[in-house]
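Participant: With the input below, show me the fold.
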Amino acid sequence: SSTSPIELVICDLSSSPAVDIAGARMLTALHADLVKSGMRLRIVAAHADARDILRAEGLEQQIGDFGRRVSVDDVVEAFLHEADTKVATSDGTATGTPASAGEQA
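Facilitator: Below you'll find the model as predicted:
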C-alpha cells in the first residue's frame, strides 16, 4: 500500500452518546487500516458509554486518550507540535521552523 499525504484522521464522537460493539470493532479495524497506510486515528469528545465500549475493545491503548474533554483542537495542536518537533530534529533548528523559513527574515 502506498503512503497517503494524509497523516491524521480525527473522529468526533460528540454527537454519539453510545457506540455498540460492532461500531467499536469497526473503529478498531479502521485504525488498523489507517496504520497500514501510514496514518493515525484519533477519537475526540467520546461520551462515557462510548468510551467504555471502546476501552473494552482496547482501542484507547492503541490510539491514545479519547476522553470527553479531548477536543479536535487539542488533537490538532498536539499533532502540529509533534510535526514541528520532527522538523526541528531533522534540520537541527531549535525552534522547529524549517531553515529556509528562518533564512527569509
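Participant: Going by C-alpha atoms from here, please, whenever you check contacts or count neighbours.
Facilitator: Fine.
Participant: Quick check: the residue lying closest to residue 7 once chain neighbours are set aside vs residue 52, distance?
Facilitator: Spatial nearest neighbour of residue 7, excluding adjacent residues (CA to CA, 6 or more residues apart in numbering): residue 39 at 4.4 Å. Look at residue 39 and residue 52: by CA to CA, to the nearest Å, they are 24 Å apart.
Participant: what's the answer for residue 59, then?
Facilitator: From residue 59 to residue 52 the distance is 10 Å (CA to CA).
Participant: more neighbours, the two?
Facilitator: Higher neighbour count among residue 59 and residue 52: residue 59, with 22 against 16, using other CA atoms under 10 Å.
Participant: Tell me who's in contact with that one.
Facilitator: Residues near residue 59 by CA atoms under 8 Å, 6 or more residues apart in numbering: residue 28.
Participant: do residue 24 as well
Facilitator: Contacts for residue 24 were tallied using CA under 8 Å, 6+ apart; they are 53, 54, 57.
Participant: let's see 10 Å
Facilitator: By CA atoms under 10 Å, 6 or more residues apart in numbering, the residues touching residue 24 are 30, 50, 51, 52, 53, 54, 55, 56, 57, 58, 59.
Participant: I'd say the residue nearest to residue 7 and residue 9 touch.
Facilitator: Yes: using CA atoms under 10 Å, residue 39 is in contact with residue 9, at 7.2 Å.
Participant: what stretches of this protein score poorly on pLDDT?
Facilitator: 1-4, 89-105 (pLDDT under 70).
Participant: rewinding a little: PyMOL command to pick out the buried ones of the contacts of residue 24?
Facilitator: The buried subset of these, as determined by 16 or more other CA atoms under 10 Å, is captured in PyMOL by this line:
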select buried, resi 50+51+52+53+54+55+57+59
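Participant: Show me which pair in the contacts of residue 24 is furthest apart.
Facilitator: The most widely separated members of the contacts of residue 24, counting by CA to CA, are 30 and 52 (18.4 Å).
Participant: is it true that residue 75 lies in a helix?
Facilitator: Yes: Residue 75 forms part of a helix when assessed by DSSP: H, G, I helix; E, B strand; the rest coil.
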